Structures are given as C-alpha cells and as structure tokens.
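1. predicted model and sequence follow; I will ask about them next.
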Amino acid sequence: MISVNSLTVAYGGFTLLDNISFHISENDKIGLVGKNGAGKSTILKLICGLQKPVSGKVEMPSDLRIGYLPQIMEHHKGKSVIDEAMTAFSELFSLEEELNSLMELLSTREDYDSDEYRRLIERMNDVNDRLAYTRSEPPMVTAEKTLLGLGFRQDELSRPTETFSQGWNMRIELAKILLSKPDVLLLDEPTNHLDIESIEWLEDYLKNYRGALVLISHDRKFLDNITNRTVEIMLGHIHDYKVPYSQYLILRKERIAQQKAAYENQQRMIEKTEEFIERFRYKPTKSNQVQSRIKQLDKLERIDVDLEDNSALSVKFPPAPRSGDVVFKAENLSLGYPLEGGRGYKTIFSGASIEVRRGEKVALVGRNGEGKTTLMRAITGELEPLAGEAKTGYNVNIGYYAQNQEDILDKEDTVYGTLDKIAVGDIRTRLRDILAAFLFKGEDIDKKVAVLSGGERARLAMAKLMLRPYNLLALDEPTNHMDIRSKDILKQALKAYDGTLIIVSHDRDFLDNLVDKLYEFRDGKVTEHLGGVADFLRKKKIESLNELERKTQDIKVQQSPQKNGADVAKESASSQEYRQRKFISKEERKLRNRIAFLEKGIEELESKMKGIEAVLSAPGPSDDVMELTREYLETKREVDAKTAEWEKLIEQTE
C-alpha cells in the first residue's frame with residue numbers, strides 16, 4: 001500500500017536517515033520506535049509529503065486517504081467542539097451534495113438509453129455505495145460518541161474550542177482524524193494529553209480499526225496492546241520486526257547476541273587464515289594453499305554487528321534538604337478560576353482534604369480538566385484557594401516541572417543559555433556536565449530551543465531541576481515526549497530520590513511501582529487511594545463489574561435462618577445456578593429482542609424499497625422521480641446499516 005524506498009534525510013553534514021526502505025501493508029499496525037531525535041516524526045512527515053528527502057521516494061496509490069496527527073499542531077478557533085468535529089465529515093457532505101445534484105439532473109432527462117444517462121446512473125450508484133460504506137449512523141451521533149470516548153462531557157460539546165487547553169484541542173483534532181476514517185492512520189504520540197480512561201478507549205478503537213496504522217508512542221503497554229509490528233530507527237538505519245514492542249525487545253537482544261557471536265567466530269577464522277598465509281607465503285610447497293586462502297578471504301562476506309545507540313540519561317537528583325514532617329496540607333480546599341468579565345469564579349473542585357508527608361511519592365490521577373494541574377499551581381503558590389486552606393510545610397523547597405514546556409522555554413535561547421540564565425554559584429561550572437547527563441553533548445548545547453524535538457525539550461526542562469537541591473518535586477506530565485529508555489531511567493532516579501514527590505501522569509507503566517499513594521480527581525471531588533497504581537486500577541475495574549451485586553446477594557443469603565449443612569450447600573448451589581442462569585438469560589433476551597427488532601425493520605424497509613422500485617420502473621406523470629430516488633437511496637442506506645448491526649449481533653450468539 002505504501003512503499004518507502006531508499007530514503008535519505010540529511011541536515012548539513014549530519015545524516016538523520018540513511019537509505020531506509022520498508023513497506024506498509026493494508027492491515028499493518030506498526031509501532032515506530034527509537035530514541036528522541038532518531039527521526040520517527042520525520043518519517044511520518046515524509047509519508048504525508050510534508051517534508052522532502054535528499055534522495056529516495058515514498059510511493060502510494062493516488063486515492064489513498066491518510067489521517068495524520070502531529071505532536072505539535074495548529075488548533076482551529078471560532079467553532080464549538082461538536083461543530084469543529086463535524087468538519088471531519090466534509091467529504092461525506094460533499095458526496096451527499098453530489099448525489100442530490102445527480103438525482104436532480106437525472107430527473108430532468110429522458111434519454112434513458114444513452115451512454116451519458118448510463119454514466120450518470122453508474123456515478124450515482126458509486127456515490128451511494130461510498131455513502132453507505134462510510135456512514136452506518138448519523139454523523140452527529142458518531143461525532144458525539146467519539147468525543148465522549150476521548151473524555152469530553154456532554155455539556156462541553158457546545159463550548160467554543162478556544163476555551164479549552166492545548167491538550168483538549170489535541171483531542172478534538174484526534175477525533176476529527178478518527179471520524180474521517182482514513183485508509184492509513186499516522187499518529188505521533190496521541191496519548192500525551194489523554195487520561196487513563198481515554199487511553200483505554202483509544203486502545204479499543206485502534207484495536208478494531210480497519211486500516212493501516214503507524215504509531216509513535218512511548219507508552220509500552222499502549223504499543224503492546226495495539227501493534228503487531230515494530231520498526232526501530234537506530235543511528236539512521238531501520239530494523240523491522242513482525243511482533244509487538246515487548247517481543248521486539250527480546251528478538252532484538254537475541255539478534256544482537258547472534259550477530260556478535262557470528263562476528264567473533266568469523267574474526268577467529270580470519271585471524272587463523274591470515275596467520276597461515278603469513279607463515280607459508282614464501283614456501284613453494286604451500287603456494288597453492290596460500291593462494292587458495294587469499295582468494296577465500298577476498299570472497300568472504302564480512303559480518304557487521306549493528307551499532308547500538310547506547311547513549312542514555314544518567315540522572316541522579318541532588319540530595320534533598322530535610323523538610324518538616326508534613327510537606328503539603330489542604331483542608332476543605334476549593335480551587336477554580338475567575339470567569340470572563342468578572343462574573344464570579346468557575347470552581348474546579350471543592351471540599352478536598354489532602355496531606356502529603358515527607359518522603360511520600362504521590363500521584364494525582366483522573367480525567368483532564370478535573371483539577372490536577374490546578375492543584376499543582378496551588379502547591380507552588382501560583383493560585384490562591386477559593387475556599388479552605390492550602391499550605392506547604394516547614395522548610396519546603398519546591399522544584400516544579402510544568403506541563404506546558406512549549407510556552408515556558410524561550411525558543412530563541414540555546415540549550416546552554418537556558419540553564420545559564422538561572423544558574424547561580426558553583427553550579428555554573430557544572431552546566432556542561434548536567435547537560436551531558438541529559439544527552440546534550442558537543443554541538444547540541446548550542447542548538448536553539450526552537451529546533452529541539454518534544455523529547456529534547458522535556459529533557460532540557462528536567463535538567464533545570466538539577467540546578468538546586470529541592471526537597472519537593474512537583475512534576476506535571478514529565479514523561480510527555482520522552483522515549484521509553486529515558487522514561488525508565490527517570491523513573492529509577494525518582495525512585496532513588498530521597499525527597500517528596502507529587503506527580504501528575506497518565507502513564508500507567510511509569511507510575512507502577514513508583515508511587516505509594518494516589519489522589520483521584522473526579523466530578524469536582526478529590527479522593528485518596530492508598531497503594532500503587534496497579535491497586536487503584538484493579539479496584540476501579542472491580543467497581544464496574546456486575547459481580548459486586550451478586551456478592552451482596554450472597555452475603556444476604558448467608559444471613560438467613562440456620563439450616564443443616566446439606567440443605568445450605570444444596571440451596572447455595574441451586575440459588576447460585578439460578579442467579580447465573582437468570583443473569584445470562586437476561587443478556588440473551590436483550591440480544592434476541594434486538595435481533596428480532598432489526599429483522600422486522602429490515603423486512604419492512606426492503607418491502608418499501610420494492611414498492612419504490614416498482615414505481616421507478618414505470619413512473620407516471622405525477623410521480624416525482626427525484627424525490628423517489630432520494631427516498632430509495634436513503635432507505636437502502638438504512639437497510640445496510642441495520643444489516644451490518646444484525647450481522648454483528650448474530651456473531652455474538654454463535
């Protein structure tokens with residue numbers, strides 16, 4: 001479907017991609033992996049035609065539809081969320097307009113046997129078939145489902161897009177891409193601004209997506225759950241593995257080990273052969289054997305070991321000065337923002353009681369817009385409470401990593417200058433060492449912030465936290481844009497950090513075994529959960545299962561009057577079987593009722609179509625051919641949609 005042929009991309013004297021080739025097939029779900037700055041985003045831009053290579057080309061069918069979500073994008077303003085999402089159906093609406101025009105044109109013609117009339121009929125059928133394929137339900141319904149799945153509330157769909165943050169606008173753009181149903185999806189870190197529930201919704205969507213997918217993500221669980229192929233970019237070259245990310249790591253390790261073993265064996269053979277040649281080069285009796293060995297070496301295909309990019313962060317946070325036992329405490333806290341025009345305040349959450357003690361590692365989790373970043377601003381003193389109290393403890397020194405590094409870092413400054421601006425005292429002599437620890441070496445330190453990738457900016461912002469010994473690190477989405485290896489090393493550094501940590505993150509893998517307490521932000525309230533993120537997710541899953549109701553019923557049965565053991569066992573088994581049968585039959589009944597409803601509806605619609613066909617085959621003077629044709633095509637689309645749903649339900653019953 002898409003062929004990437006011998007692409008080379010170079011900047012000045014630096015070659016980013018060196019003669020790479022690979023193919024994207026119809027059902028491929030590819031994880032594009034590699035370190036920050038390896039060229040992953042560049043490959044997506046090359047496929048989209050947004051960037052040109054030095055040599056090579058990308059080949060694809062001319063009618064192939066591509067949906068591309070970049071890391072950083074321009075957001076549209078002036079429309080509501082739902083109206084902006086509906087722009088994804090512009091092609092569909094154009095087809096509907098063309099269909100109406102064709103029907104109107106056909107209604108005015110009487111040259112039924114002409115080639116032109118036949119071509120118009122064929123085009124009308126093509127347009128109608130495309131409409132039937134692309135639309136199984138009203139566009140507004142599909143758009144609402146997608147936006148709600150990505151985390152928007154129903155009451156937010158009518159709000160102007162400019163009233164939402166960059167992260168929420170990214171969700172609108174993602175929704176538009178998904179709604180357009182392209183043949184190929186190119187997604188560059190789509191989970192960066194998604195909460196855990198929205199990530200899980202997107203996972204389910206992409207698993208069932210019918211089309212090719214090329215995905216850049218630093219969430220290994222997300223990659224494992226979706227992809228079936230991994231393409232690694234390393235030092236300008238690619239390595240293609242037909243497996244998901246975790247299996248790729250195993251195969252990659254095995255491949256490198258096999259290469260090294262084969263290389264070492266070959267080197268030993270070459271060394272022995274060269275010794276033989278040198279030893280007997282001037283002996284006439286061995287001249288034939290010597291010449292044979294020389295030719296053997298000349299023809300030998302030398303084994304090369306693929307170079308590995310072993311550069312990695314070497315982060316170790318400075319020792320934390322001792323603070324008081326209570327690092328941050330909030331009682332009956334309400335936070336929010338002033339409304340436009342001085343019309344009061346919008347409360348984000350209220351009545352929160354939060355306590356973070358020295359040495360704790362705490363995660364703030366929940367849907368975007370529920371107040372996690374708002375609380376961070378209150379912790380750092382940027383935001384005053386609307387009600388209640390929020391205060392830091394004795395001798396607390398806060399190191400804050402803000403989510404919006406795009407806005408905070410000066411794009412015109414250099415990497416070195418970013419640290420040099422704020423460094424004071426002896427630390428100034430160690431700036432190059434600190435930058436080297438975050439992989440900025442040599443000429444990298446003179447790069448302007450504007451040309452850095454998202455991951456490089458994240459590393460630079462994290463390097464700023466090394467300039468002072470903080471005892472409270474407040475990190476708001478620190479792993480956005482970071483590659484997987486960098487995230488792993490940062491996680492280990494935070495685990496070893498002897499101060500207090502408060503972190504906002506939607507990265508399940510990163511939080512796992514890092515934090516020991518969570519605060520969940522939901523529906524204007526803040527709830528404390530003791531334990532790690534795995535415990536929290538497990539608890540949330542259990543709460544959504546129907547088994548909880550059955551457990552409650554079991555408790556009630558146990559509280560009934562005393563009976564002998566055999567009767568209790570018999571009644572318990574029979575009642576459990578009855579409850580299970582009742583539960584299953586209820587689901588089956590619901591399924592069968594829907595199937596029967598669809599079958600009846602399809603039958604009625606097909607009968608209606610036959611009636612319209614009969615009229616169209618011999619229209620009378622009073623019959624409106626255009627209106628009848630439109631009614632026929634709309635009825636056919638409805639039949640196709642109901643038939644597709646009926647087929648899915650029938651599969652569930654088999």
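-> The structure has been received and is ready for your questions.
2. any low-confidence regions in this protein?
-> Within the chain, the stretches with pLDDT under 70 are 12, 130-137, 304-314, 340-342, 405-407, 541-590, 626, 653-654.
3. just give the number of residues close to the residue nearest to Tyr632 when sequence neighbours are not counted.
-> Spatial nearest neighbour of Tyr632, chain neighbours left out: Ile612 (4.5 Å); criterion: Cβ to Cβ, 6 or more residues apart in numbering. Just so you know, the C-beta spots here come from the backbone N, C-alpha and C atoms, and that holds for glycine as well. Using other Cβ atoms under 10 Å, Ile612 has 16 neighbouring residues.
4. which ones are touching Ile612?
-> Listed by Cβ atoms under 8 Å, 6 or more residues apart in numbering, the contact set of Ile612 reads Leu628, Glu631, Tyr632, Thr635.
5. residues contacting the third one?
-> Shown in contact with Tyr632 (Cβ under 8 Å, 6+ apart): Met609, Ile612, Glu613, Leu616.
6. wouldn't the first one be in contact with Glu634 here?
-> By that I understand Met609. No: counting by Cβ atoms under 8 Å, Met609 does not reach Glu634; the two are 10.3 Å apart.
7. out of the contacts of Ile612, which is nearest to Ile256?
-> Ile256 has its nearest neighbour among the contacts of Ile612 in Thr635, at 61.1 Å by Cβ to Cβ.
8. run through the helices of the stretch 151-300 of the chain in chain order.
-> Under the criterion DSSP state H, counting those that start in this stretch, helices of the stretch 151-300 of the chain are mapped to 166-179, 196-207, 220-226, 245-280, 287-299.
9. can you tell me which of the contacts of Tyr632 are buried?
-> Met609, Ile612 (16 or more other Cβ atoms under 10 Å).
10. can you put the contacts of Tyr632 in TSV and add distance to Lys145 and secondary structure?
-> Formatted as TSV, these follow (distance: Cβ to Cβ, whole Å; DSSP: H, G, I helix; E, B strand; the rest coil):
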residue	distance to Lys145	secondary structure
Met609	28	helix
Ile612	31	helix
Glu613	34	helix
Leu616	35	helix
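11. return the closest of the contacts of Tyr632 with respect to Val639.
-> Among the contacts of Tyr632, and counting by Cβ to Cβ, the member closest to Val639 is Met609, at 7.1 Å.
12. what's the spacing between the spatially closest residue to the closest one that is not a sequence neighbour and Phe93?
-> Spatially, and ignoring its direct neighbours in sequence, Met609 is nearest to Thr635 (5.4 Å; Cβ to Cβ, 6+ apart). Thr635 is 20 Å from Phe93, where distance means Cβ to Cβ, to the nearest Å.
13. quick one on the thing from earlier: out of the contacts of Tyr632, who's nearest Ala261?
-> Closest to Ala261, out of all of those and judged by Cβ to Cβ, is Met609, at 68.6 Å.
14. got the phi/psi numbers for Thr479?
-> Backbone torsions of Thr479, given as degrees, to the nearest 10, read phi -90, psi 0.
15. how far off centre is the helix or strand where Leu460 lies?
-> In this assignment (DSSP states H and E), Leu460 forms part of helix 454-464. Computed by Cα atoms, centre = their mean, to the nearest Å, the chain-centroid distance of helix 454-464 equals 21 Å.
16. in that helix, which residues are buried?
-> By 16+ other Cβ under 10 Å, the buried positions in helix 454-464 come out as Gly454, Gly455, Glu456, Arg457, Ala458, Arg459, Leu460, Ala461, Met462, Ala463, Lys464.
17. would you confirm that the fifth one contacts Leu475?
-> No: Ala458 is beyond contact range of Leu475, at 10.7 Å (criterion: Cβ under 8 Å).
18. gap between Gly611 and Tyr632?
-> The gap separating Gly611 from Tyr632 is 10 Å, by Cβ to Cβ.
19. Arg592 too?
-> With Cβ to Cβ as the criterion, Arg592 and Tyr632 are 31 Å apart.
20. related to what we said a few turns ago, could you say which one of the helices of the stretch 151-300 of the chain comes nearest to Pro338?
-> helix 166-179 (19.5 Å).
21. and the closest one, what does it pack against?
-> Applying 3 or more Cβ pairs under 8 Å, 6 or more residues apart in numbering; DSSP states H and E, we find helix 166-179 packed against strand 66-69, helix 81-86, helix 139-149, strand 184-188, helix 196-207.
22. so which of those is the most packed in?
-> Neighbour counts (mean count of other Cβ atoms under 10 Å) averaged over each of the helices and strands packed on helix 166-179 peak at strand 184-188, with a mean of 23.
23. orientation of that one relative to helix 196-207 in degrees?
-> For strand 184-188 against helix 196-207, the angle by axes from the mean of the first three to the mean of the last three Cα atoms, to 10 degrees is 150 degrees.
24. what sits against Asp18?
-> Going by Cβ under 8 Å, 6+ apart, Asp18 touches Thr8, Gly236, His237.
25. hmm, which of those are the buried ones?
-> For those, a neighbour count by 16+ other Cβ under 10 Å gives the buried set as Gly236.
26. count of residues packed around the residue nearest to Met609?
-> 17.
27. Pro478 too?
-> Counted with other Cβ under 10 Å, Pro478 comes out at 25.
28. for it, phi and psi?
-> As for Pro478, its main-chain torsions (degrees, to the nearest 10) stand at phi -70, psi -20.
29. likewise for Asn192?
-> Per-residue torsions, Asn192: phi -60, psi -40 (degrees, to the nearest 10).
30. ok, it touching Pro478?
-> No: with contact defined as Cβ under 8 Å, Asn192 does not reach Pro478; the gap is 11.6 Å.
31. confirm Gly35 sits in a strand?
-> Residue 35: Lys, not Gly. No: using DSSP: H, G, I helix; E, B strand; the rest coil, the assignment for Lys35 is coil, not a strand.
32. now it. Nearest residue, chain neighbours left out?
-> Closest residue to Lys35 in three dimensions, ignoring its sequence neighbours and counting by Cβ to Cβ, 6+ apart: Asp483, at 5.0 Å.
33. and for Gly167?
-> Using Cβ to Cβ, 6+ apart, the closest residue to Gly167 is His193 (3.1 Å).
34. likewise Lys411?
-> Lys411's closest residue in space is Ala450 (Cβ to Cβ, 6+ apart), at 4.0 Å.
35. please report how far that neighbour lies from Arg432.
-> Distance of Ala450 to Arg432, computed by Cβ to Cβ: 21 Å.
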